[in-house]
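**Q** here is my input, please return the structure:
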Amino acid sequence: MKHRFALTIYHKLIALIVALMVAVVGGLASYLSSQQIQEMTAALRTRAETYGSVMANQTTSAVAFSDRETAREVLHSIHADPDVASVALYGEGGIELYIRGTSTLPAGTPASAAPRVIDTGERLAAVTPVASLEGPRGVLVIELSKRSLESARSHVRWLAFATGSAALLLGAIAAWLIARRLALRLRAIANVASAVAGGDLTQRPIDDPTRDEIGTLATAFNAMLSQIQHLIAHIQDMARKEQDRLEGLVAQRTAQLDQRNAEMQLVFDQVDQGLVMVDLDGTLASERSAAVERLLGPAPAGGTLADYVRRFAPDRADWFALQWDSLREAVLPPELCLDQLPARFETADRHLELAYKLTAAGDRERVLVVVSDVTAQVQRQRAERDERETASLLSRMLRGRVGFLAFHAEATQHIAALSDGPRDADDVAFRRSVHTLKGIAALEGIDSIAEQCHQLESALADGDELATLAISRAIAARWELVTHKIEPLIAAASERVELLPADFQRIEAALRRNAPAAELLALVDSWRHERIEQRLRRFADDAQVLAVRLGKGPIDITVDVAGDLRLPSERWATFWGAFVHAIRNAIDHGLERPDERLAADKPAQGHLVLRAADTDGEISIEIEDDGRGIDWARVAELATLRGLPCATETDLVEALFRDGFSTRQVTSEVSGRGIGLAALRHACTASGGHVAITSRPSAGTVLSFRWPSSSARPDVWQFAG
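**A** Next up, the predicted model:
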């Protein structure tokens with residue numbers, strides 16, 4: 001880096017004195033030489049005028065009589081002057097009476113009333129009229145050379161330059177001496193001042209005994225330096241005393257803090273929760289309660305919280321480290337990063353809950369991690385959940401023995417399909433079993449299995465094979481536990497036959513009219529099968545619960561079954577298991593919330609119809625809602641994106657029943673996987689039926705399932721009344 005040149009006082013003084021001398025000497029030399037030259041020029045002009053005036057008077061007679069000889073005699077004398085370059089006398093009419101030398105003026109220069117001097121550059125020409133008593137009769141022109149004037153002018157200028165240069169040289173030497181003396185004195189003061197400004201107070205006083213301004217400055221500076229040295233010494237003495245006092249206070253305060261920390265640590269060690277401070281870089285602080293290591297095990301020496309997590313929950317450590325990196329790098333707001341950290345951990349024998357709180361001490365931010373042992377709470381919640389699910393299953397069995405047994409048989413079948421995991425990444429049957437099991441488990445009140453099925457669907461969507469297999473086995477283990485608890489109920493339900501008063505009335509009427517034995521046998525055999533009305537009413541109850549949970553209920557539900565229609569539960573179990581998807585889609589996709597219905601000029605309460613009949617040789621089961629209807633434009637858009645045909649209504653219906661096709665953008669525990677309708681149609685067609693769908697915007701949707709009665713006989717009974 002180049003340093004800019006800075007003028008010192010030394011240089012400035014020399015420059016100032018020299019500049020003043022140049023100005024003064026130069027001005028005087030220029031002025032005096034100019035004045036002298038002007039005076040010499042004026043003298044030459046005066047001489048020329050004098051020559052002209054004197055000679056003009058003496059040549060009057062020569063001009064009057066045109067006497068050349070007289071003119072020559074008179075004018076010849078002035079040639080003795082070396083400055084006279086030429087003389088010319090002209091008579092009346094421009095007659096040349098005398099000419100000597102070469103004139104720079106043209107011949108016959110006219111006379112004038114008064115004498116005049118003409119400067120031709122190299123000469124001064126005095127033009128003088130020669131007059132008699134009668135008036136001007138001729139002209140006398142005398143030219144004086146300016147060579148002597150120029151020579152004198154050069155001499156004057158050279159002399160002025162030489163004199164000025166000598167004066168300037170002497171002035172520069174004087175300026176250098178004066179400036180050097182002043183600069184040395186000022187530099188001595190500046191050196192001491194710089195050293196003092198740099199903290200060196202050991203400088204000796206400045207030795208400058210002169211009584212001028214600089215000497216006065218040096219004396220004042222010496223006094224100031226003495227005062228500063230005295231003040232600094234006083235401050236240092238006070239600082240030593242204050243340091244001794246503060247060290248005593250620090251020692252006393254440190255002892256108090258040590259005692260307080262020991263007391264606080266004792267308190268921490270007595271609480272059940274583990275408390276530990278963590279720096280934003282993840283480093284574990286030394287401040288922690290004894291419960292931390294009791295709950296999580298020994299902490300790694302000098303390690304991070306991620307390393308600690310890896311010891312007791314290695315499967316969560318990578319995700320934990322990733323989120324903590326986001327916190328450290330401030331990629332997201334700290335509160336959001338802390339919310340993303342795992343809050344629950346399961347060790348070999350404990351369930352732990354971790355809470356994170358951002359704290360600030362001065363300008364340093366840290367995270368307080370609170371570890372709570374929630375094992376008892378989790379066990380209590382699981383026990384309550386088990387009791388709740390057992391009570392729900394008991395209630396379902398009491399509401400319909402045949403349907404309950406059918407549910408158990410179908411669920412067991414799906415569990416068997418899940419136990420070994422999917423055959424490949426695109427195992428459609430496996431995905432349908434998972435989705436159907438989730439639906440029937442939720443409707444039967446077994447929320448634990450429904451939640452596990454939802455987790456399994458998420459693992460399948462993420463392609464996590466290890467998680468898929470682990471969750472599948474966990475579902476099988478959970479079902480085995482649930483089945484073990486209800487085995488007495490299943491055994492009791494299998495050995496009973498449910499009869500209603502209407503059944504006794506029918507058999508009594510048949511006996512009174514001596515009905516054929518075949519009719520009586522068929523009537524008795526039908527008692528082993530499930531009433532469709534009972535099955536649909538169970539679906540209605542489940543739909544009401546789901547509608548309330550989704551904020552769309554209570555809703556109005558109608559169950560319409562023509563006669564006492566019964567179907568064999570074993571044969572129809574697969575269809576009934578898949579029918580839950582129709583219920584969930586109608587509530588979640590079809591019906592609007594009360595405020596949405598009011599905005600669309602509909603009754604606030606949605607309406608759902610479940611109907612079944614066996615007429616004209618055909619068994620039909622329908623579900624109808626008065627909701628928003630199917631958005632066929634959205635179906636066509638998604639079909640186009642997936643490369644599916646969408647030109648006709650049949651194409652759109654076919655796309656709607658495709659595996660993985662859903663109009664939902666967000667997946668929930670109820671819908672959004674695009675599996676339910678595909679599984680429902682597959683169950684219907686596998687039992688020999690077909691599906692039809694009718695939907696109008698804002699008017700609702702009707703989903704119809706139909707089978708030939710002949711394909712179901714002799715397992716279908718239809719009794720009037």
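
**Q** contacts, neighbours, all on C-alpha from now
**A** Will do.

**Q** in the stretch 401-550 of the chain, which spans are strands?
**A** 530-531 (DSSP state E, counting those that start in this stretch).

**Q** for the spatially most central residue of the chain, helix, strand, or coil?
**A** Among the residues of the chain, residue 331 comes closest to the average C-alpha position under CA atoms, centre = their mean, at 8.7 Å. Here residue 331 is coil, with the state taken from DSSP: H, G, I helix; E, B strand; the rest coil.

**Q** where's it relative to residue 284, distance?
**A** Residue 331 sits 22 Å away from residue 284, going by CA to CA, to the nearest Å.

**Q** cool, residue 410 as well?
**A** Residue 410 is 52 Å from residue 284, by CA to CA.

**Q** picking that back up, how about the residue nearest to the centre of the chain, what does it touch?
**A** Neighbour list for residue 331: empty [criterion: CA atoms under 8 Å, 6 or more residues apart in numbering].

**Q** show me what residue 364 is bridged to.
**A** Judged by DSSP bridges, the bridge partners of residue 364 are residue 361.

**Q** pLDDT score assigned to it?
**A** pLDDT recorded at residue 364 is 73.

**Q** if I pick residue 353, what's in contact with it?
**A** The contact partners of residue 353, by CA under 8 Å, 6+ apart, come to 343, 344, 345, 371, 372, 373, 374.

**Q** and it, what are its bridge partners?
**A** residue 344, residue 372.

**Q** how much space separates it from residue 344?
**A** 5 Å.

**Q** from residue 178, how far off is the residue nearest to the centre of the chain?
**A** Distance from residue 331 to residue 178, counting by CA to CA: 70 Å.

**Q** what's the neighbour count on the nearest residue in space to residue 104 that is not next to it in sequence?
**A** If the residues on either side of it in the chain are set aside, residue 104 comes closest to residue 120, at 7.3 Å by CA to CA, 6 or more residues apart in numbering. By other CA atoms under 10 Å, 12 other residues sit near residue 120.

**Q** which pLDDT value belongs to residue 120?
**A** With respect to pLDDT, residue 120 scores 79.

**Q** what about residue 321, which helix or strand?
**A** Here residue 321 sits within helix 314-329, counting by DSSP states H and E.

**Q** show me which positions of that helix end up buried.
**A** By 16 or more other CA atoms under 10 Å, the buried positions in helix 314-329 come out as 317, 320, 321, 323, 324, 325, 326, 327.

**Q** check stretch 478-492 too.
**A** In stretch 478-492, counting by 16+ other CA under 10 Å, buried: 479, 482, 483, 489, 490.

**Q** closest to residue 226 out of the buried residues of helix 314-329?
**A** Of all the buried residues of helix 314-329, residue 226 sits closest to residue 327, with 57.6 Å by CA to CA.

**Q** right, and that closest one touches residue 341 too?
**A** No: in this structure, residue 327 is not within contact of residue 341 by CA atoms under 8 Å, at 9.9 Å.

**Q** skip the chain neighbours and tell me the closest residue to residue 14.
**A** Among residues not flanking residue 14 along the chain, residue 175 sits closest, at 5.4 Å (CA to CA, 6+ apart).

**Q** so the nearest residue to residue 465 once chain neighbours are set aside versus residue 41, what's the distance?
**A** Excluding the flanking residues, the one nearest residue 465 by CA to CA, 6+ apart is residue 459, at 7.5 Å. Separation of residue 459 from residue 41 (CA to CA): 120 Å.

**Q** likewise residue 345?
**A** To residue 41, residue 345 is 119 Å away according to CA to CA.

**Q** my guess is residue 295 contacts residue 373. True?
**A** Yes: using CA under 8 Å, residue 295 is in contact with residue 373, at 7.3 Å.

**Q** what's the domain layout of this protein?
**A** 10-161, 201-269, 271-373, 379-496, 529-721 (automatic domain parsing).
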